[in-house]
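*Asks:* sequence and predicted structure, then a few things I'm wondering about:
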Amino acid sequence: MKKRILVICLALAIPTMTVLASETVRLSISEAVNEILEKDTSLEKFDLDEVKLTSAANAFMGSFSDELEELQEVQQEYAEQSTQWGVEYKAYSMLYNYLKLEETVKLQEENLEITEKDENIVGMKYDEGLASKQDLIQAEMSVSNAKLSLESTKQSLKSLKYELNQMLDQDLLTTLNIDELGDITRLKSSEYNAEKIADEMKLGHKSLIFYRFVMETYEEIIEEAEDLTGYGSYALSISSAEAAKTEIEEQIMILEPTEDPDNPSDQMKLLRGLFDEKEALITYYESTANNDRRKAEDDIPEYYEQEKDKAQIDLFDQMDLLELNAYQFADEFEISHLKLNTLEDNVKKQEELYKMMQVRFDEGFITATDLEKSRVGVLNAKVELLNAEIDYALLKEEYELFKEGFLP
């Protein structure tokens, strides 16, 4: 009964409703497991009585070759499109990571420059007796660590450059200049409203086309199978036997004028015997085909009714997946906005804190180690913000591909 209700909802283009967002459900673990087992649609397929195509049905399956071939074409078309979307998303992902590494290099170069300046200041203070040997060693180590981090990031950037150049069919050493990301435009909440997007995806997402087409095709086959025509796979055997019978008949007609009707020759007897055999064979094939046709008219609809039920389960599983993706995207955008706001604020505060620490260091109230920690804090805050901005840009690209028809 549940399935029939879902079919009606689909036909009327009305999204099925789940538990209201404001409703609270309390379950024990065992109760939740049992509920999941009961509601899991993938298990419904096992509840169906297994129906297989009989030999009689198979004899007439050629009648639906066009429909089944078109079904394969639709499936292949989406598979090709989906592969293209996958390649496109991978390209976006790699290019944004390339930008991320490029920008990280710039930040680390800036950090190295500041670290070297700090080292010079500590060196002068040390010469003046205003800084300890420990401060000088710490400053030198900070420069070394900054250089190491920079070179490590450059190496990662170089490795990714090789991979991208290969994908672009260019020499691996080709210098890549990717346009900077620019300002990140944030989506409005209305643009990723989970309920609204979920309803839209259930109605028009391209991943559903195949499942809906499967159900339509199977329905057509069921209708056509209720009134089959022809001899199915026996048609060729009947045609071959009829051709042989005609050939024998022509030989008999040629030989007949010279024959004694009361005492036919051995050749005539042989020809007439072969003629009778072919006639009997044709009668047998026709009778078998007619019997199989009647049985196929029962078997094929039964089989494809079950296959249609399976396709319907797959369709609603896919719709559930789309709904899940819509809500997950919405949550990701919300937390990303919060993260960007927090990290932007952190950068400002870390920079302000670093300026205060520089003043205190100049006045001799803190050590070079304290100043180093503050400077590293600025770098880490900027790198974290950069990563969040580029991750957000990639999330937007993934979201647009999802709405177009891609399933991440």
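*Replies:* That came through, no problem. Model, not experiment: these values are computed from the prediction. Numbering: from 1, shown residues only.
*Asks:* would you map the helices across the stretch 51-200 of the chain?
*Replies:* Listed in chain order, the helices of the stretch 51-200 of the chain (DSSP state H, counting those that start in this stretch) span 55-58, 65-127, 133-167, 194-204.
*Asks:* and E109, how many neighbours does it have?
*Replies:* 14 (other Cβ atoms under 10 Å). C-beta here means a position set from N, CA and C on the backbone, and glycine is covered the same way.
*Asks:* cool, and F361?
*Replies:* Neighbours of F361 using other Cβ under 10 Å come to 22.
*Asks:* I'd say it and A368 touch.
*Replies:* Yes. In this structure F361 lies within contact range of A368 using Cβ atoms under 8 Å: 7.1 Å.
*Asks:* quick one on the thing from earlier: reformat the helices of the stretch 51-200 of the chain as JSON lines; add mean pLDDT and distance to N34.
*Replies:* Output for those, formatted as JSON lines (pLDDT from 0 to 100; distance: least, Cβ to Cβ, whole Å):
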{"stretch": "helix 55-58", "mean pLDDT": "91", "distance to N34": "39"}
{"stretch": "helix 65-127", "mean pLDDT": "91", "distance to N34": "35"}
{"stretch": "helix 133-167", "mean pLDDT": "93", "distance to N34": "48"}
{"stretch": "helix 194-204", "mean pLDDT": "95", "distance to N34": "27"}
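*Asks:* low-scoring pLDDT stretches of this protein, where are they?
*Replies:* 1-22, 42-49 (pLDDT under 70).
*Asks:* repeat the analysis, applying 50 as the threshold.
*Replies:* Scanning the chain for pLDDT under 50 picks out 1-19.
*Asks:* and the longest helix for it?
*Replies:* Counting residues, the longest helix found in the chain (DSSP state H) is helix 266-362.
*Asks:* residues in contact with stretch 344-354?
*Replies:* 374-375, 377-378, 380-382, 384-385 (Cβ atoms under 8 Å, 6 or more residues apart in numbering).
*Asks:* go through those and name the one nearest T174.
*Replies:* K382 (28.9 Å; Cβ to Cβ).
*Asks:* now that closest one. Nearest residue, chain neighbours left out?
*Replies:* L107 (5.2 Å; Cβ to Cβ, 6 or more residues apart in numbering).
*Asks:* shouldn't that neighbour be in contact with L385?
*Replies:* No. Judged on Cβ under 8 Å, L107 makes no contact with L385 at a distance of 9.8 Å.
*Asks:* following the longest helix of the chain, which helix or strand shows up next?
*Replies:* helix 368-404 (DSSP states H and E).
*Asks:* on that earlier part again, now the helices of the stretch 51-200 of the chain in TSV, with distance to S336?
*Replies:* Output for the helices of the stretch 51-200 of the chain, formatted as TSV (distance: least, Cβ to Cβ, whole Å):
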stretch	distance to S336
helix 55-58	54
helix 65-127	14
helix 133-167	23
helix 194-204	15
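*Asks:* any quick PyMOL command for the buried ones out of the contacts of stretch 344-354?
*Replies:* Buried residues within the contacts of stretch 344-354, by 16 or more other Cβ atoms under 10 Å, are selected in PyMOL with:
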select buried, resi 374+375+377+378+381+382+385
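*Asks:* now the contacts of stretch 344-354 in CSV, with distance to M268?
*Replies:* Listed next are these as CSV, based on distance: Cβ to Cβ, whole Å:
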residue, distance to M268
S374, 116
R375, 114
G377, 111
V378, 111
N380, 105
A381, 107
K382, 105
E384, 101
L385, 102
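*Asks:* residues contacting the residue nearest to K382?
*Replies:* L107 sits in contact with 379, 382-383, 386, where contact means Cβ under 8 Å, 6+ apart.
*Asks:* and the two most separated of those?
*Replies:* L379 and L386 (10.5 Å).
*Asks:* wait, P408 touches L324, no?
*Replies:* No. Counting by Cβ under 8 Å, P408 stays clear of L324, with 11.0 Å between them.
*Asks:* give me the number of residues near L95?
*Replies:* 19.
*Asks:* who are the contact partners of it?
*Replies:* Contacts for L95 (Cβ under 8 Å, 6+ apart) come out as 164, 178.
*Asks:* use 7 as the first number from now on
*Replies:* Got it, first residue is 7 now, which makes that one L101.
*Asks:* for E94, see how far away it is.
*Replies:* From L101 over to E94 the distance is 11 Å, taken as Cβ to Cβ, to the nearest Å.
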